[in-house]
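**Student:** curious how this folds, go ahead:
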Amino acid sequence: MSGFWRGLAVFLFGGVLGTGFGVALGFFLFPYVFPPPIAAETLTEADRSALAATGTFIHANRSDPIHWGRGKVSVYERAVFLEPDFEVGPGPAFHVYLVPKANIRTEADMKDVMYVDLGGLRSFKGSQRYPIPAGIDLKNYSSVIVWCERFSVLITPADLTQARR
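**Tutor:** Just a heads-up that it's a prediction; the model follows:
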């Protein structure tokens, strides 16, 4: 009988291991197989009136083919606007941050940095508007980044250049 129980234990262990692997693989592949639709948000006239800064998202770590981004970002007095050419590699729990530090290139660059979380990324591609909370002095913010909150990974940074007024 001990052979039966041992075989059953191996079978159950294999089933649990296989299920766990399948679920993990599913979480990883889901955004690639079922990406959200391309965003096409616009700015209001009030947003457009006060351009504060602009930037371009970059692929910070060229050796990482999964975490990348590209496209332009415009920061207005009341909103951060990811331009229509914005795109990132898909993944879970991405957020848009305003960061008071320039040249963010690795996760270590974010250690002990205070930031403003503008909310979850709504689409991996296309134009998106993120309101800026009241009381934020944009002169103190040098970057906009996309960050994966679930795994604490930098997806793509954009260094900001202040607009001439």
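**Student:** hmm, who's touching the least confident helix or strand in the chain by mean pLDDT?
**Tutor:** When the helices and strands of the chain are compared on mean pLDDT, DSSP states H and E, helix 45-48 comes out lowest with a mean of 72. Helix 45-48 has contacts (C-beta atoms under 8 Å, 6 or more residues apart in numbering) with 76, 77, 78, 79, 81, 129. No exception for glycine: its C-beta is placed from N, CA and C like everyone else's.
**Student:** buried members of the residues you listed into PyMOL, please.
**Tutor:** Buried subset of these, written as a PyMOL selection, criterion 16 or more other C-beta atoms under 10 Å:
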select buried, resi 76+78+79+81+129
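**Student:** dump the contacts of helix 45-48 to TSV, plus pLDDT and secondary structure.
**Tutor:** As requested, the contacts of helix 45-48 are exported to TSV (pLDDT from 0 to 100; DSSP: H, G, I helix; E, B strand; the rest coil):
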residue	pLDDT	secondary structure
76	95	strand
77	91	coil
78	92	coil
79	95	strand
81	96	strand
129	95	strand
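**Student:** between the contacts of helix 45-48, which sits nearest residue 57?
**Tutor:** residue 81 (12.6 Å; C-beta to C-beta).
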